[in-house]
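K.L.:
just the structure for this:
(one chain, ligands or ions: 1)
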Amino acid sequence: MGLSIAIVGSGPSGFYTAESVLEKWADCTVDIIEKLPTPYGLIRYGVAPDHAKTKTVAKSYEALALDPRVRFFGNVEVGKDVSVAELRQRYDAIVLATGCSTDKKLGIKGDDKKGVLGVASFVNWYNGHPAARWLDPDLNTESVVVIGVGNVAVDVARVLVKTPEEMAATDLMEHAAQVIHKSPIRHVTMAGRRGPLHAQFTNVELREMGHLKDAAAIVDPAQLPETIPDDAKAEFSERQLRLIQRNIDTLRGFTKLEPGARKKRVHFLFFSNPAEILGGERVTGVRFEKTRVEKGRATGTGEFFEIQCGLVIPAIGYYSLPVPGVPFKDGKAINTEGRIEPGLYAVGWIKRGPSGVIGTNKPDGDAAAEQIAADTQGMSSGKPGRAGLEALLQDRKVRVVSFADWKRIEAAETARATAPAPRRKFATVDEMLAALDAPGGTVSTPSRAAAQAD
Ligand code: NAP
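P.N.:
Numbers count the residues shown, from 1 in each chain. Next comes the predicted model:
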C-alpha cells in the first residue's frame, strides 16, 4: 500500500508538491483539497489578467490533476469542513500549500481610513476571487498612491491605467472593468521607501510600463544613480547587479520618453517613506518623509512632503491566514525547512512568506517530498487516506467539486466569454455551482443584495 498524501491548496506550491511526490513514489495517492470549486490559486486569482502567458503554466498542473493517482477535492475548506487533526488521522502526510491571502498592514497613522485598500483584496476583486466580489472600491479619484515598488505594485498600477482595448483580450472581471474604465484616474504614483537599486520589480514587468497606450511612465532623473556605487556593489550578487543595471537603464529610458498624447501618468517615486495617511473619514493624501539609503536601509531625513490622492493601495506584501490547529507566527506556519512536525509540512508562501516567482515554489515541493521520505521511510502506516476523507465529507454532506466538475465550470466560463477575452469567470461560488447544476443552461449573475440575503 502506497503513501496517502493530502495537499491543502491547489496553487503552484500545491501542484509542485504533487509533482514531486508522484515522481518519488509510483504507488502513492495524492488528494488535493481546495477551499474553492476552482483550482490553481495564485494563477487564477493573483497573476494579473493581462499576463495570459504566465497563466499557461496551469496546463502542466492540469496534467498532474489528471494523473490517475491524484484526486481534486474542490469546495472543501480545511478548518471548516474538515480539520487538520481529522486529516492527520486519515493520511500519512499532510502538506499545507495555502499561500498568503491577507494584507500586511502599513502600521502608520490613518491607515484604517476609507480609501486605503489592501492590495490582496483589490487584486482578488479584479481577478474574480469570490471573497472579494462585493468589495466595491471607490475609484472616483484622479490620483492613486500605490505604496511599494514590487511586482504586485506594478501589476496594480498597470491594470489601473490600461485602456479597455488593452484589456479586451484578458480575463479582467467585468465588474472591475466597468469601475476601472469609468474612473477619472489620471495619476498613479508608485512610492518606494528605498531607491531604485532596491526596487523589487523585475525588468520584464518594469519594461511593460514604457509601452502603455494611454499612460506615460514618469521618473525624476535626479533619483537615478549615474553608476551603481561601489558600496552597493558589495551588497549584491553579480546576478542582482545585472538586474539592477537593467532596471536603472529602463527607468532612465522612461525619463527620455515623450508622453505625447497619453493622458495618464504612472510616477515612479523613490526615497519616500509613507509617514501618515491624510484626510478625515476618507483619504485625501499621503504624507511622506524623504529618505536616504545607507547600507541598504532607509533612514528618514526629517523632510516631509504630501501627495494628494483619493485612494491608497499598500502593495507591501502579504500574510498567510492561520490554518486552525497549525502553529503560526509572523504570517507563516512555524516550520523548520518546511516540516511543521513529522507528518505535517508547509510549502510555498505559507512556509517562507510571499517571495519569489511561480517557479520558486518548485524546490519547496522537492523538499517536502524528501521530508516525507525521511519521516515515513516511504511506508504507509495503513491510514485510510482518500476513502477516509470521502466518507467523512459524505457524512457531513459537503458538496465536493471534482476535477471533472471544474472542467465543466471552465467550459462554461469559456463559452460565455466574448472574444477576444479567453474566459468570463464566475465571480461567486453560487454561480460556479449553478453552472454545474445547469449544464448548457444560463447562469444568472446574482445581485449583491440577493447574495447577502443567502
Ligand atoms: P515585494 O516584491 O516584496 O515588494 C514589496 C514592496 O513593498 C517593496 O518595495 C518594499 O520595500 C515595500 N514595503 C514593504 N513594507 C513596507 C512598508 N512598511 N512601508 C513602505 N514600503 C514597504 O512584494 P510583492 O510586490 O507583494 O510581490 C510578492 C512576490 O510575488 C514577489 O516575489 C514578486 O516578485 C512576486 N510577483 C511576481 C510577479 C511577476 O513575476 N510578474 C507578479 C506579481 C508578484 P522594501 O524593499 O524597502 O522592503
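K.L.:
from start to finish, how long is stretch 274-289 in a straight line?
P.N.:
6 Å (Cα to Cα, to the nearest Å).
K.L.:
just the buried residues of it, please?
P.N.:
Applying a neighbour-count criterion of 16 or more other Cβ atoms under 10 Å, one finds 274-279, 283-289 buried in stretch 274-289. Just so you know, the C-beta spots here come from the backbone N, C-alpha and C atoms, and that holds for glycine as well.
K.L.:
OK, contacts around E235?
P.N.:
295-296 (Cβ atoms under 8 Å, 6 or more residues apart in numbering).
K.L.:
check it and give its pLDDT.
P.N.:
Looking at E235, its pLDDT stands at 91.
K.L.:
ok, it to F268 distance?
P.N.:
21 Å (Cβ to Cβ, to the nearest Å).
K.L.:
the ligand contacts on the stretch 251-400 of the chain?
P.N.:
274, 315-317, 354-357 (Cβ under 6 Å from any ligand atom).
K.L.:
now list the buried members of those residues.
P.N.:
Neighbour counting over those (16+ other Cβ under 10 Å) leaves 274, 315-317, 354 as the buried ones.
K.L.:
confirm that V293 lies within a helix, as I assumed.
P.N.:
No - counting by DSSP: H, G, I helix; E, B strand; the rest coil, V293 is not part of a helix but strand.
K.L.:
pretty sure it contacts A199?
P.N.:
No - applying Cβ atoms under 8 Å, one finds V293 not in contact with A199, separated by 11.4 Å.
K.L.:
any residues touching stretch 258-266, and which ones?
P.N.:
157-158, 161, 185-190, 209, 212-218.
K.L.:
same thing but 10 Å
P.N.:
Applying Cβ atoms under 10 Å, 6 or more residues apart in numbering, the set of residues contacting stretch 258-266 from outside is 142-144, 146, 154, 157-158, 160-163, 185-190, 209-210, 212-219, 254.
K.L.:
where do the helices of the stretch 351-454 of the chain begin and end?
P.N.:
In the stretch 351-454 of the chain, the helices defined using DSSP state H, counting those that start in this stretch lie at 362-376, 386-395, 403-415, 429-437, 448-453.
K.L.:
export the ones you listed to JSON lines and tack on mean pLDDT?
P.N.:
Listed next are those as JSON lines, based on pLDDT from 0 to 100:
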{"stretch": "helix 362-376", "mean pLDDT": "97"}
{"stretch": "helix 386-395", "mean pLDDT": "98"}
{"stretch": "helix 403-415", "mean pLDDT": "97"}
{"stretch": "helix 429-437", "mean pLDDT": "96"}
{"stretch": "helix 448-453", "mean pLDDT": "54"}
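K.L.:
for the ones you listed, give me JSON lines that also has mean neighbour count and distance to P49.
P.N.:
Formatted as JSON lines, the helices of the stretch 351-454 of the chain follow (neighbours: other Cβ atoms under 10 Å; distance: least, Cβ to Cβ, whole Å):
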{"stretch": "helix 362-376", "mean neighbour count": "20", "distance to P49": "24"}
{"stretch": "helix 386-395", "mean neighbour count": "15", "distance to P49": "33"}
{"stretch": "helix 403-415", "mean neighbour count": "17", "distance to P49": "13"}
{"stretch": "helix 429-437", "mean neighbour count": "19", "distance to P49": "18"}
{"stretch": "helix 448-453", "mean neighbour count": "10", "distance to P49": "22"}
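K.L.:
that older thread, which one of the buried ones among the residues of the stretch 251-400 of the chain next to the ligand sits closest to G79?
P.N.:
Nearest to G79 out of these is P354 (Cβ to Cβ; 20.5 Å).
K.L.:
does that closest one touch N361 like I think?
P.N.:
No - P354 is beyond contact range of N361, at 11.4 Å (criterion: Cβ atoms under 10 Å).
K.L.:
can you pull the contacts of P422?
P.N.:
Contacts for P422 (Cβ under 10 Å, 6+ apart) come out as 49, 52, 55, 169-171, 413-414.
K.L.:
in the protein, which residue sits closest to the ligand?
P.N.:
G150 (2.3 Å; Cβ to the nearest ligand atom).
K.L.:
do I have it right that that residue meets T202?
P.N.:
Yes - at 9.2 Å, G150 counts as touching T202 under the criterion of Cβ under 10 Å.
K.L.:
among these two, which residue is more densely surrounded?
P.N.:
G150 (21 against 15; other Cβ atoms under 10 Å).
K.L.:
how confident was the prediction at that one?
P.N.:
Looking at G150, its pLDDT is 97.
K.L.:
skipping adjacent residues, who's closest to it in space?
P.N.:
Of all residues not flanking G150 in the chain, Q200 sits nearest, at 3.8 Å (Cβ to Cβ, 6 or more residues apart in numbering).
K.L.:
how about the contacts made by I334?
P.N.:
Per Cβ under 10 Å, 6+ apart, neighbours of I334: 326-328, 340-341, 346.
K.L.:
one more time with 6 Å
P.N.:
Contacts for I334 (Cβ atoms under 6 Å, 6 or more residues apart in numbering) come out as P327.
K.L.:
now the one 4 residues further on
P.N.:
By Cβ under 6 Å, 6+ apart, G338 lies in contact with 345-346, 351, 367-368, 371.
K.L.:
cool, and E303?
P.N.:
K290.
K.L.:
that one and T284: what is the separation?
P.N.:
Distance, E303 to T284, using Cβ to Cβ: 21 Å.
K.L.:
neighbour-wise, which of V293 and A199 wins?
P.N.:
A199 (23 against 16).
K.L.:
if we can go back for a sec, can you put the buried residues of stretch 274-289 in TSV and add secondary structure and pLDDT?
P.N.:
TSV is the format used below for the buried residues of stretch 274-289 (DSSP: H, G, I helix; E, B strand; the rest coil; pLDDT from 0 to 100):
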residue	secondary structure	pLDDT
P274	strand	98
A275	strand	98
E276	strand	98
I277	strand	98
L278	strand	98
G279	strand	98
V283	strand	98
T284	strand	98
G285	strand	98
V286	strand	98
R287	strand	98
F288	strand	98
E289	strand	98
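K.L.:
I appreciate the help and will end here.
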